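**Student:** Below: sequence and its predicted model.
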Amino acid sequence: MKSQNNKNPQKLTIALLVIYLIVLSWIILFKLQFDIRLLQDTRLRSINFIPFAGSLIVNGKVELSEIILNIIVFIPFGVYMSMIFQNWGFFRKIVPIFTVSLLYEMMQYLFAIGASDITDLIGNTLGGVIGVAIYHILQRLLGKRTIKIVNILAAIGTILIILFLGLLIIANM
């Protein structure tokens, strides 16, 4: 009976990770669009290999908001990786985060639906690193209750984000 109780939080964590990745893909690849034909209008295909170069300067001013948002949006990924793969070392948890971010950047380029930028890759990976660190700190503070508490908070956050995105969709119809 004890092993069944340990599996349920793991299943919830995986379900929340899947929902997170679906929403993340919708944001990054589909730019919050339901109609893929609208993405064809952008036809943006570029690659920036110079870190913190083009993405920082908008209208001649330094713009950090996109980098900060990239960091924030990938923090949950680091938390989920830490929850699911507790026995993995720090760098082993970061590899999937880096790989998923790289895949998003490559898909944006291949499908001409966004600019591929090394700065995004760095920001996304940094967000994952912060997520891993946050989970590590929470685990030290909360002990065995960490997964349960984080799952509850993540479920509430997921519901709120889905409701917020639903409101955005309704408001823009």
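**Tutor:** Thanks, I have the structure now.

**Student:** what about the residue nearest the centre of the chain, distance to R140?
**Tutor:** The chain has F74 as the residue nearest its centroid, 3.3 Å off, counting by C-alpha atoms, centre = their mean. Taking C-beta to C-beta, to the nearest Å as the measure, F74 falls 22 Å from R140. Heads up, the C-betas are built off the backbone N, CA and C, glycines and all.

**Student:** Now G89, what are its backbone angles?
**Tutor:** phi -80, psi 170 (degrees, to the nearest 10).

**Student:** now it: how far from G78?
**Tutor:** Counting by C-beta to C-beta - G89 and G78 are separated by 14 Å.

**Student:** Ok, L17 next?
**Tutor:** L17 is 11 Å from G78, by C-beta to C-beta.

**Student:** cool, and V95?
**Tutor:** 12 Å.

**Student:** and what of L69?
**Tutor:** For L69, the distance to G78 - C-beta to C-beta - is 16 Å.

**Student:** related to what we said a few turns ago, of G89 and G78, give the one with the bigger neighbour count.
**Tutor:** Applying other C-beta atoms under 10 Å to G89 and G78 shows that G78 carries more neighbours, namely 25 against 8.

**Student:** I figured the more buried one was touching I137, is that so?
**Tutor:** No - using C-beta atoms under 8 Å as the test, G78 is too far from I137 to be in contact (11.8 Å).
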